[in-house]
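Novice: have a look at this prediction, sequence included:
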Amino acid sequence: MKPYSESCEQNRVPILNVLQPRLRTCRRLLEIGSGTGQHAVYFGAAMPHLIWQTSDREENLPGIRKWLEEADLPNVRQPLLLDVTQDAWPDVQIQAVFSANTVHIMHWPEVQALFAGVGKCLPEKGRFLLYGPFNYNGDYTSDSNRSFDAWLKARDPRSGVRDFEALNELAAQAGLILQEDIAMPANNRILHWEKSV
């Protein structure tokens, strides 16, 4: 059986509506933390001009392969093994990076490694689009995000909803300049950075 995420089904249309105009001129994208593979299949089918490269940690690769094999899309690539903390990331030629619902699962050193790695692999004018819930000025944007953060921390005290300001500082250190902060359904956002140098 393929793995399944209800949230992927619920958020895929709003995310696609944001991604499509911003990825129109991109030809190759790396998805970090492809999870079940559902997003890759849906977005890949909707954007056939784009080579969508999946990636994740080893334990998630079999599930991603099941989704990809069933969909059989020519532009969606088999998942690369990618742990953001590994010294060398896979050598991929890309113009964009997308990641959804990852930084609140990662521990903070992994979040730092994510941004550093994205900064290294993106070319000038490359885009990084990050989806998820974020705090602003150290506070929650909704009661549901406060409850979600408590649930995350009960499961893993080193996870949790991240502060936008801290993420934007990591982005700046990696040469990424914020272009947009886009409100999404269910108190989520898409943060869109562009590589400046």
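Specialist: The structure has been received and is ready for your questions.
Novice: select the longest helix from the protein.
Specialist: helix 6-22 (DSSP state H).
Novice: list the buried ones in stretch 185-197?
Specialist: Taking 16 or more other C-beta atoms under 10 Å as the neighbour-count basis, stretch 185-197 is seen to contain the buried residues 187-195. (Each C-beta comes from the backbone N, C-alpha and C, glycine too.)
Novice: adding pLDDT, write those residues out as JSON lines.
Specialist: As requested, the buried residues of stretch 185-197 are arranged in JSON lines below (pLDDT from 0 to 100):
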{"residue": "N187", "pLDDT": "97"}
{"residue": "N188", "pLDDT": "98"}
{"residue": "R189", "pLDDT": "98"}
{"residue": "I190", "pLDDT": "98"}
{"residue": "L191", "pLDDT": "99"}
{"residue": "H192", "pLDDT": "98"}
{"residue": "W193", "pLDDT": "98"}
{"residue": "E194", "pLDDT": "98"}
{"residue": "K195", "pLDDT": "98"}
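Novice: kindly format the C-alpha coordinates of the longest helix of the chain as PDB.
Specialist: Taking Å, rounded to 0.1, in the frame of the first residue of the first chain, the C-alpha atoms of helix 6-22 are listed here in PDB:
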ATOM      1  CA  GLU A   6      -4.700  13.800   4.300                       C
ATOM      2  CA  SER A   7      -3.100  17.200   4.600                       C
ATOM      3  CA  CYS A   8      -1.400  16.800   1.200                       C
ATOM      4  CA  GLU A   9      -4.800  16.200  -0.400                       C
ATOM      5  CA  GLN A  10      -6.200  19.300   1.400                       C
ATOM      6  CA  ASN A  11      -3.500  21.800   0.600                       C
ATOM      7  CA  ARG A  12      -2.400  20.700  -2.900                       C
ATOM      8  CA  VAL A  13      -4.700  23.000  -4.900                       C
ATOM      9  CA  PRO A  14      -3.900  26.200  -2.900                       C
ATOM     10  CA  ILE A  15      -0.200  25.500  -3.100                       C
ATOM     11  CA  LEU A  16      -0.300  24.700  -6.800                       C
ATOM     12  CA  ASN A  17      -2.100  28.100  -7.400                       C
ATOM     13  CA  VAL A  18       0.900  29.800  -5.800                       C
ATOM     14  CA  LEU A  19       3.600  27.600  -7.400                       C
ATOM     15  CA  GLN A  20       2.400  27.700 -11.100                       C
ATOM     16  CA  PRO A  21       2.900  31.400 -11.900                       C
ATOM     17  CA  ARG A  22       6.200  31.500  -9.900                       C
END
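Novice: right, I'll leave it there.
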